[in-house]
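> okay, sequence plus prediction incoming.
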Protein chains: 2
Amino acid sequence: MEEFKVLEIKKSVFSCNEKHAEELRGQLKEKKIFLLNLMSSPGSGKTTTLTRTIETLKEKLRIGVMEADIDSDVDAKTISNLGVKTIQLHTGGMCHLDANMTVQGLKGLGTEELDLAILENVGNLVCPAEFDTGAVKNVMILSVPEGHDKPLKYPLMFSVCDVVLINKVDVLPYFDFDLEICKKNILMRNPKAKIIPISAKTGEGLQQWTDWLLNEVRAWKK
Amino acid sequence: MEEFKVLEIKKSVFSCNEKHAEELRGQLKEKKIFLLNLMSSPGSGKTTTLTRTIETLKEKLRIGVMEADIDSDVDAKTISNLGVKTIQLHTGGMCHLDANMTVQGLKGLGTEELDLAILENVGNLVCPAEFDTGAVKNVMILSVPEGHDKPLKYPLMFSVCDVVLINKVDVLPYFDFDLEICKKNILMRNPKAKIIPISAKTGEGLQQWTDWLLNEVRAWKK
């Protein structure tokens, strides 16, 4: 099954993104929909992590996914094959989504009867961190091959995220990546960050991640 | 030895970037300085590849390096330890460099008696592709862990690059990465792209890369 729409997102004409993000969060609270903003560098494993997450939670939550990409529909195809509501957002070259663009995405997706809407943001460690999408929580993935120094180089991304998933821990033996130094670097940027090492490939650590997400969604809907 | 300056780059006030880029290229041609713009996603191995490149070429060419990052000086420390002229450029949150910012960087670096100036651009597959820096050639690194689908998702980056280095081929056995599909995807975006699979860690393929660069620099100086 590959059923999803492709939406060409329009650039926002609004300057006051923070206000729009707060408004969107208010509407989501009212409708009891949890919006998760998932960010990372290209190729860190966002779509694979999302696939595992949906497989675990799709019997417990009604999930919808917005796949944002400059171009191509490969991720939306993968996700819609899992049987969840999916839309591909094309940003037309833009490097991030803001709150207004997210609203366009949610309208395109259709949020009726959803518990959890997930925005897979454009693969980019810089620009998406600068724009509040209106999400309830921000989560990022840093993968082992990228190196443990990334929190030093991309401070804002690490400081705006509630959870940092350290993905691809199955290949730790093949890379010069120090998990303890990485955790220290992340906490230096964001002392409140929840850090969960995972392997979307082998399943390691995923239970802790999906438990956290399920609890957050249930708390939001109360 | 760790001798390098840190320069806080100012945002360009110029709107006509293409014109400024062409002007810069003209000045570089006159001064017989080759400017290389090196781009990639965070963690693909730009600094390690640069280290190996400098080790091979530093007896043959006078090299200077501009390390652009949002924050931190880790890369400039690594490069300046090789004994080449190095400057750290802090972009102040900006996600790319344009021609005017590159001019600021070159002035800070000092180009007297240089054959080759290398700009290590901000780790980002989106925005740096949109701005001509004035470089003679654009080179990007795609690393195996990022996946062979990246040319589908980040079309502009692949289409503006003269060379695509496919790095970390030493870990090919541990990833679902198809080198032939990757090459096909790159050539679909850019039929003229020169594709060189390398491992900056083991040295595989580096000779072909440094030979190409040395030839280009020599041709430019004629």
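Happy to help now that I have it.

> C-alpha from now on. contacts and neighbour counts both.
Noted.

> which neighbouring elements make contact with the lowest-mean-pLDDT helix or strand in chain A?
One helix or strand of chain A scores below all others by mean pLDDT, DSSP states H and E: strand A:4-8, with a mean of 73. Counting contacts by 3 or more Cα pairs under 8 Å, 6 or more residues apart in numbering or on different chains; DSSP states H and E, strand A:4-8 is packed against helix A:74-80, strand A:85-90, helix A:99-109.

> and the contacts of it?
A:73, A:76-77, A:80, A:85-92, A:105, A:108 (Cα atoms under 8 Å, 6 or more residues apart in numbering or on different chains).

> next SSE downstream of it?
On the C-terminal side of strand A:4-8, the closest following helix or strand by DSSP states H and E is helix A:17-31.

> contacts only, for A:Pro203.
To be clear, residue A:203 is Gly; Pro isn't right here. So A:Gly203 contacts A:Arg52 (Cα under 8 Å, 6+ apart).

> so how far is A:Asp73 from it?
From A:Gly203 over to A:Asp73 the distance is 25 Å, taken as Cα to Cα, to the nearest Å.

> can you check A:Thr133 too?
Here A:Thr133 is placed at a distance of 22 Å from A:Asp73 (Cα to Cα).

> compare the two (neighbour count), which wins?
Between A:Thr133 and A:Asp73, A:Thr133 has the larger neighbour count (other Cα atoms under 10 Å in any protein chain shown), namely 30 against 20.

> pretty sure the more buried one is touching A:Gln104, no?
No - contact criterion Cα atoms under 8 Å: A:Thr133 and A:Gln104 do not qualify, at 11.3 Å.

> so what sits opposite the residue most central in space within chain A in the bridge?
Nearest residue to the geometric centre of chain A (Cα atoms, centre = their mean): A:Leu38, 0.9 Å. Beta-bridge partners recorded for A:Leu38 (DSSP bridges): A:Glu120, A:Val139.

> could you list every residue that touches it?
So A:Leu38 contacts A:46, A:118-121, A:138-141 (Cα under 8 Å, 6+ apart).

> if you set the cut-off to 10 Å instead, what comes out?
A:46-47, A:50, A:118-123, A:128, A:135, A:137-141, A:161, A:163-164 (Cα atoms under 10 Å, 6 or more residues apart in numbering or on different chains).

> and the pLDDT for it?
On the pLDDT scale, A:Leu38 is placed at 98.

> distance check, it against A:Leu82.
Distance from A:Leu38 to A:Leu82, by Cα to Cα: 18 Å.

> which residues are in contact with stretch A:208-221?
Stretch A:208-221 is contacted by residues A:28-36, A:52-54, A:56-57, A:60-61, A:115-116, A:136-137, A:163-165, A:194-198, A:206-207 when judged by Cα under 10 Å, 6+ apart.

> list the buried residues of it.
By neighbour count with 16 or more other Cα atoms under 10 Å in any protein chain shown, stretch A:208-221 contains the buried residues A:209-210, A:213, A:217, A:220.

> can you redo these as CSV with pLDDT and distance to A:Asp170?
Formatted as CSV, the buried residues of stretch A:208-221 follow (pLDDT from 0 to 100; distance: Cα to Cα, whole Å):
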residue, pLDDT, distance to A:Asp170
A:Trp209, 98, 16
A:Thr210, 98, 19
A:Leu213, 98, 22
A:Val217, 98, 28
A:Trp220, 97, 33
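
> what is the nearest of these to chain B?
Using Cα to the nearest Cα, A:Trp209 comes nearest to chain B of the buried residues of stretch A:208-221, at 22.0 Å.

> how near is that closest one to A:Asp178?
The gap separating A:Trp209 from A:Asp178 is 21 Å, by Cα to Cα.
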